[in-house]
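> give me the fold of what follows.
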Amino acid sequence: MENAISRLGSGIKILIALADGRPKTPKELEEAIGRSENTVRTWTIRLAKAGMIEKIAEGWVTLDSNFLTSGGREIFMRANTRKKVNEALKELRAENYAKITLLDVSSKTRLPPRVIEDDTYLLAHDHGLAVAAESSWRPDLSLA
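Residues are numbered from 1 along each chain as shown. Below is the predicted model:
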């Protein structure tokens, strides 16, 4: 899972490097993202096929200079959240949990339950964990 996130990170880093609107050569992209020529070639082809960048005479350019203010930031945050949830689930399993709640995962990731909910349900089974329904207990606010 971490390797997949790392690879996704390379594509996002390329988009970030191109966000200034200035064309970049493959060598400039290698230096900007700290990855190999092969990684840059693979990701520029993928991003071009997805319609996010294009090659011009001077190098690669982004077709959406607002990438980081549109879907790009969301994709990056989503990948980072999934990584944190995965790490939290590993920790909970190592602590011999068999059944967890969103609050258990939330306390490990320090992210709100609504943010981690989808990833928790998606990944819990991979770690041999069951997700229990949240407790119906609520504080009595009538005393306040």
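> mind pulling up the pLDDT for L15?
Listed pLDDT for L15 reads 84.
> which helix or which strand is home to it?
Using DSSP states H and E, the element containing L15 is helix 2-18.
> which residue ranges of the protein form strands?
Secondary structure of the chain (DSSP state E): strands located at 53-56, 59-62, 99-100, 130-131.
> can you list the strands that the first one pairs with?
Each strand paired with strand 53-56, and its direction, by DSSP bridges: strand 59-62 (antiparallel).
> same deal with the last one?
Neighbouring strands of strand 130-131 in its sheet, by DSSP bridges, are strand 99-100 (parallel).
> flag the shaky bits of the chain, pLDDT-wise.
1-8, 63-79, 134-144 (pLDDT under 70).
> ok, back up a step: winner for burial among the strands of the chain?
Among these, strand 59-62 has the highest mean neighbour count (mean count of other CB atoms under 10 Å), at a mean of 20. Quick note: C-beta positions are derived from backbone N, CA and C, even for glycine.
> how about residues contacting it?
14-15, 18-19, 21-26, 28-29, 44, 48, 52-54 (CB atoms under 8 Å, 6 or more residues apart in numbering).
> appreciated, that's everything.
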